[in-house]
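Enquirer: Okay, predicted coordinates and the sequence, questions at the end:
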Amino acid sequence: MAAPGNNAAELHIDPSEVKKEILNRYPAKVARRRARQIVVNKVDEGEQVPEIHANTRTIPGILTMRGCAYAGCKGVVLGPTRDILQITHGPIGCGFYSWLTRRNQTRPKSLDDPNYMPYALSTDMQEEEIIFGGEKKLKKAIQEAIELFHPKAIGIFSTCPVGLIGDDVHAVAREMEEKYPEVNIFGFSCEGYKGVSQSAGHHIANNKVFTDVVGQLEAPKEGSFRLNLLGEYNIGGDAFEIERITEACGLTVHSTFSGNSEYDEFASAHTADLNVVMCHRSINYMAEMMEKRYGIPWFKINFVGARATAKSLRKIAAYFGDATLTEKVEKVIAEEMAPVEKVRQEVEARCRGKLAMLFVGGSRAHHYQELFEEIGMKTISAGYEFAHRDDYEGRKVIPTITVDADTRNIEELTVGPDGTRFRPRKGAAEIERLRQEGFRFNDYEGLMPQMADNSLVIDDLNHYETEVLIEKYKPDIFCAGIKEKYVIQKGGIPLKQLHSYDYSGPYAGFRGAINFYREIDRLVNSKVFRFVKAPWQENPELAGSYGWNG
Amino acid sequence: MLLRHTPETITDRSALTINPAKTCQPVGAMYAALGIHNCLPHSHGSQGCCAYHRSALTRHYKDPIMATTSSFTEGASVFGGQANLVESINNIFTIYSPDIIAVNTTCLSEVIGDDLPQIINKARADGKIPPGKTVIHANTPSFKGSHVTGFANMTSAMVQYLSERSGKKIPQINIIPGYVEPSDMAEMKRISLEMGIKSVLFPDTSGVVNSPLDGKFHMYPKGGATMEAIKSAGDSTFTLALGRTASLPAAKLLDTKCKVPFECLDLPIGLSATDTFVDCLRKTAGVSVPESLMVERGQVVDVLTDMHQYFFGKKVALIGDPDHLVSLAQFLTDMDMEVLYVVTGTPAGPKFVRRIRELTGEKTIVKEGLGVDMFQFHQLIKNAKPDLLFGNTYVKHIARDEDIPLIRMGFPIYDRVGHQYFPITGYRGALRLLEKILEAILDRQDRDAPEESFELVM
Ligand code: SF4
Ligand code: SF4
């Protein structure tokens, strides 16, 4: 008998049966692989969870939710920065599709400040360049871009064919930088075929931003409690809301990687005293490297969910260990929570007990469970599109992760302390004291320890499996991306996009929580889905008394 | 000022494309493939392309877009994609069981040089293609042409692989509809039906990418041209290809392969182009135009004359796909509007430029092909401001900055609905376009009017 609160049990559904049914349809080879990626969750003492197969190749021919390294690098990590001019080196498509579609919002400080986000720049490679090489065109394109835009920095993003024909974007970047020393020019070898998903692109992006941008400028911002917020991409204005809250608390967010961000903030990020990480998967590399080189400690926080936000603020305050800061944080929390609580209760009354499934990105499928929990909804199945085992099982499994060929192809930087700028922000004794207090530095507990026993955790979910899940569990809401949206909705179940938020938001922070509660309430209690069946379909027998035969 | 970095002074660029007015071939091929009944499009390359193409089409149609990918990783890029494609074909038929898989290449598989016919034969020899099932392919390298070319190539592949000539002519007309909305394809079918003509329309995405919500997900919705229909196209008496860029290659191929004579017309957008379409149908089928269509036509003329004062002399700028632009330019000229700029990123050739000038006059600035983009379009607009813009969703940034009303047309439209349900082709489509244009112009007039001349009746 499963533990109380176990949704699958309440539903009288045996998750291992569901798994078996899913695997049945597959060719043997596919079934063997998927068997290891579909896990019935079980949390033992010490957060021990079953092993899941993750960050492995997508099965050819499977209808996958995944994208590519270029999307992870150019779209996710670099996309939200407004003043790094981004040139896609390749045929036109990739640049076209990554043009504004991730919906990163940005707010330049003034009208004179650069904002290149509405621009999509590409070398639009033609057959000739494929045959004879595209470096010449790329150089020319950089020159034209500098003459038109006069940017501080240019990022070059390689697409699939660039790697194949052997264009050296890094050499081009160096050469052009010599010609234009006032512009920082750097290239990303983020060809779409690298790695197995977007994840490879995040890593490539982190490496380059770390080596070529961070540490280039000594310009600390004013403020007593200065931190960098990593892994927040300002979809739907999330970063704006977090900025509002942290400011009210008296914290200084020096830089956000990379929502609503600027080049100078990246370049001087090494001057901050703390790194907090939102999306573990996309940016834990940056946190690690900054700690090693500059001595900045990091820990995982989460601003999705009102309670999670409060918890994260308290954690940050505890780190700085300042009484006035703590007081201010508590005041902000108290003030903000009152309106949140009012809406929460109202919405909970209508949503309690409803079921959710979440299959997105690299941390959202975890974070958003908190928001659902706050309104009494249960997550019966979840998984990531491009996570690694540590995102599921917690960072403690990192030493046991086997490195395969696809991962080996992504450069791993060896980072040591910076000769002059390495400065441990906390002494060993203090770190130890904080640890004693329950502080977990450099850690992420992962998705599975927080999910109920018997929930289904599925890595790299595909379309066919989605259909089975929907049929078996009939959830009240499904969270995924645009490719899945209408597939689910045709079946009469609302889908909430958690990549783009269905063009609303913000959902982070306190006001974000209110927005999300209301949005979910709207979706799961909506009248519109009741129209799916016509009245005559509900009651198809003919019992007429007036008609031709009457 | 979203596009604050776009200067008024136009300078030459030879390498940098800024804000493209086209996208890559595979997305067009995928869209065309969706126009075959029970077909699963497959993208041969890394999965990112497929994800992007599916996302773009999904955002545009707000409907499920199903397509698979060979999911190349570095290994496939080095050793070739054969193993991935053969495995894909096996998985696809086992798991999703379509009647036909339509494979498009991507720049990656093109650069590697994968030989698709050979791989498909290998899959067949290995028994990965179940009896009665079909696999076709189109080469769609993204370093050539544009999404329109991709559409044309996949449409040609349908002819190449499926159409056959049995020697017995069937009294039916092929209509190759061009890269238009599902609603437009449905409208073309309706018009020929109204005229009592049996038609084979392919590709036909109506019912596929604008399918109803009925409480059940259908992997293969009811719509789409059946394989039998496309096969029988080889026995049709005539082919009408609509739009030179998107439809001519398939029509030519059908003529070469199956000896079906063809005529290539402009897309039936607007009054004159629809007249030509209807007239051509009438002549080839030897029927007369029914009263019902005459009524529809008359209604368009009615609105045109009733509201002429608002159209007359208005300046317009158009950006989009070549086939659309030709017909639209003609329609707007027919309404006595002045066409300032016609811009497309798709290589459409000197014939396109000549045709536009023929329709709109020598003053119109026409730009097409490599290096032509929205940045340049915006610069032109800054130099001589039109009253109205026509283009896809991305033009909204220009429209906002320059404060000019925008009529959304073409691909992609991410921020409005209707295009998948209401045609812009045929007489009904012309009426809808007129309504949209008038709405934009009159809303503008209302907004800008001083209070003393704010009109109630217009
Ligand atoms: S890699 Fe090529 S096919 Fe793929 S999206 Fe980019 S341009 Fe298009
Ligand atoms: S997992 Fe989510 S937050 Fe992280 S990169 Fe992906 S979409 Fe963004």
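Expert: Now that the structure is in, tell me what you want to look at. Ligands and ions are numbered 1, 2, ... in the order given.

Enquirer: OK, contacts around A:Cys279?
Expert: A:Cys279 sits next to A:Leu230, A:Gly231, A:Glu232, A:Tyr233, A:Gly361, A:Gly362, A:Ser363, A:Arg364 when contact means C-beta atoms under 8 Å, 6 or more residues apart in numbering or on different chains. The way it works is simple: take the backbone N, C-alpha and C, and place the C-beta from them, glycine included.

Enquirer: Which pLDDT value belongs to it?
Expert: Looking at A:Cys279, its pLDDT stands at 96.

Enquirer: List phi and psi for it.
Expert: Main-chain torsions, A:Cys279, degrees, to the nearest 10: phi -90, psi 100.

Enquirer: try A:Arg433
Expert: According to degrees, to the nearest 10, A:Arg433 has phi -60, psi -40.

Enquirer: Can you name the residue of chain A nearest chain B?
Expert: Closest to chain B within chain A is A:Cys68: 2.3 Å, counting by C-beta to the nearest C-beta.

Enquirer: How about that residue: what's its closest non-neighbour residue?
Expert: For A:Cys68, ignoring the flanking residues on the chain, the nearest one in space by C-beta to C-beta, 6 or more residues apart in numbering or on different chains is B:Gly48 at 2.3 Å.

Enquirer: Provide the secondary structure category for that neighbour.
Expert: Following DSSP: H, G, I helix; E, B strand; the rest coil, we place B:Gly48 in the helix state.

Enquirer: Could I get the contacting residues of it?
Expert: With C-beta under 8 Å, 6+ apart, B:Gly48 has these contacts: A:Gly67, A:Cys68, A:Ala69, A:Tyr70, A:Ala71, A:Cys94, A:Cys160, A:Gly192.

Enquirer: ok, 10 Å please
Expert: A:66-72, A:75, A:93-94, A:97-98, A:159-160, A:190-194, A:197-198, A:201, B:69, B:71-72, B:106, B:108 (C-beta atoms under 10 Å, 6 or more residues apart in numbering or on different chains).

Enquirer: again, but for B:Ser247
Expert: If you count contacts by C-beta under 10 Å, 6+ apart, then B:Ser247 has B:151-152, B:155-156, B:175-180, B:239-241, B:262, B:264-265, B:267, B:323 around it.

Enquirer: From the chain's centroid, how far away is stretch A:100-118?
Expert: Distance of stretch A:100-118 from the chain centroid (C-alpha atoms, centre = their mean, to the nearest Å) equals 20 Å.

Enquirer: Would you work out how far apart the start and end of it are?
Expert: End-to-end distance of stretch A:100-118: 7 Å, with C-alpha to C-alpha, to the nearest Å as the criterion.

Enquirer: So it, near ligand 1 or not?
Expert: No - taking C-beta under 6 Å from any ligand atom as the criterion, stretch A:100-118 and ligand 1 are apart, separated by no less than 12.4 Å.

Enquirer: From ligand 2, how far out is the residue in chain B that chain A sits nearest to?
Expert: Relative to chain A, the nearest point of chain B is B:Gly48 (2.3 Å; C-beta to the nearest C-beta). Remark: distance between B:Gly48 and ligand 2 (C-beta to the nearest ligand atom, to the nearest Å) = 14 Å.

Enquirer: cool, and B:Ser46?
Expert: 18 Å.

Enquirer: ok, for A:Val30, nearest residue in space, not its chain neighbours?
Expert: According to C-beta to C-beta, 6+ apart, the nearest residue to A:Val30 is A:Ile59 (5.6 Å).

Enquirer: repeat for A:Ile398
Expert: In this structure, A:Ile398 finds its nearest non-sequential neighbour in A:Asp390, 5.2 Å apart by C-beta to C-beta, 6+ apart.

Enquirer: With A:Lys74 instead?
Expert: In space, and not counting its chain neighbours, A:Lys74 is closest to A:Phe157: 4.3 Å by C-beta to C-beta, 6+ apart.

Enquirer: Which helix in chain A has the most residues?
Expert: Counting by DSSP state H, the longest helix found in chain A is helix A:323-351.

Enquirer: just checking, what packs against it?
Expert: Judged by 3 or more C-beta pairs under 10 Å, 6 or more residues apart in numbering or on different chains; DSSP states H and E, helix A:323-351 is in contact with helix A:238-249, helix A:306-320, helix A:364-374, helix A:509-524.

Enquirer: Pick out the residue in chain A sitting closest to ligand 1.
Expert: A:Gly93 (2.5 Å; C-beta to the nearest ligand atom).

Enquirer: Up against ligand 2, what does the stretch 351-500 of chain A have?
Expert: A:Gly361, A:Gly362, A:Ser363, A:Arg364, A:His499.

Enquirer: Try it again at 8 Å.
Expert: A:Val360, A:Gly361, A:Gly362, A:Ser363, A:Arg364, A:Ala365, A:Tyr384, A:Glu385, A:Phe386, A:Ala387, A:Leu498, A:His499 (C-beta under 8 Å from any ligand atom).

Enquirer: What mean pLDDT does the helix or strand that the residue nearest to A:Lys74 is a member of get?
Expert: If you go by DSSP states H and E, A:Phe157 is part of strand A:153-158. Mean pLDDT, computed over strand A:153-158, is 98.

Enquirer: Just put the helices and strands packed on helix A:323-351 in CSV and tack on mean pLDDT and mean neighbour count.
Expert: CSV is the format used below for the helices and strands packed on helix A:323-351 (pLDDT from 0 to 100; neighbours: other C-beta atoms under 10 Å in any protein chain shown):
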stretch, mean pLDDT, mean neighbour count
helix A:238-249, 98, 22
helix A:306-320, 97, 21
helix A:364-374, 97, 23
helix A:509-524, 98, 22
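
Enquirer: need the residues of the stretch 351-500 of chain A next to ligand 2 in CSV with secondary structure, can you?
Expert: CSV is the format used below for those (three-state DSSP):
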residue, secondary structure
A:Val360, coil
A:Gly361, coil
A:Gly362, coil
A:Ser363, coil
A:Arg364, helix
A:Ala365, helix
A:Tyr384, coil
A:Glu385, coil
A:Phe386, coil
A:Ala387, coil
A:Leu498, coil
A:His499, coil
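
Enquirer: Going by distance to B:Gly391, which of those wins?
Expert: Nearest to B:Gly391 among those: A:His499, at 26.0 Å, using C-beta to C-beta.

Enquirer: thought the closest one was touching A:Arg103?
Expert: Yes - taking contacts as C-beta atoms under 10 Å, A:His499 lies within contact range of A:Arg103: 8.4 Å.

Enquirer: More neighbours: which of those two?
Expert: A:His499 (21 against 18; other C-beta atoms under 10 Å in any protein chain shown).

Enquirer: ok, that one - contacts?
Expert: A:His499 neighbours (C-beta under 10 Å, 6+ apart): A:76, A:101-103, A:233, A:235, A:360-361, A:364, A:385, A:479-483, B:55.

Enquirer: what's the spacing between it and B:Gly223?
Expert: For A:His499, the distance to B:Gly223 equals 28 Å [C-beta to C-beta, to the nearest Å].

Enquirer: Which neighbours do A:His499 and A:Arg103 have in common?
Expert: Common neighbours of A:His499 and A:Arg103 (C-beta under 10 Å, 6+ apart) are A:Tyr233, A:Ile235.

Enquirer: what is the orientation angle of the longest helix of chain A with helix A:306-320?
Expert: Orientation of helix A:323-351 against helix A:306-320 (axes from the mean of the first three to the mean of the last three C-alpha atoms, to 10 degrees) gives an angle of 170 degrees.

Enquirer: Just give the nearest non-adjacent residue to the residue of chain A found nearest ligand 2, would you?
Expert: Ligand 2 sits closest to A:Gly361 of chain A, with a gap of 2.4 Å, by C-beta to the nearest ligand atom. Distances taken as C-beta to C-beta, 6+ apart place A:Glu385 nearest to A:Gly361, at 5.5 Å, with adjacent residues excluded.
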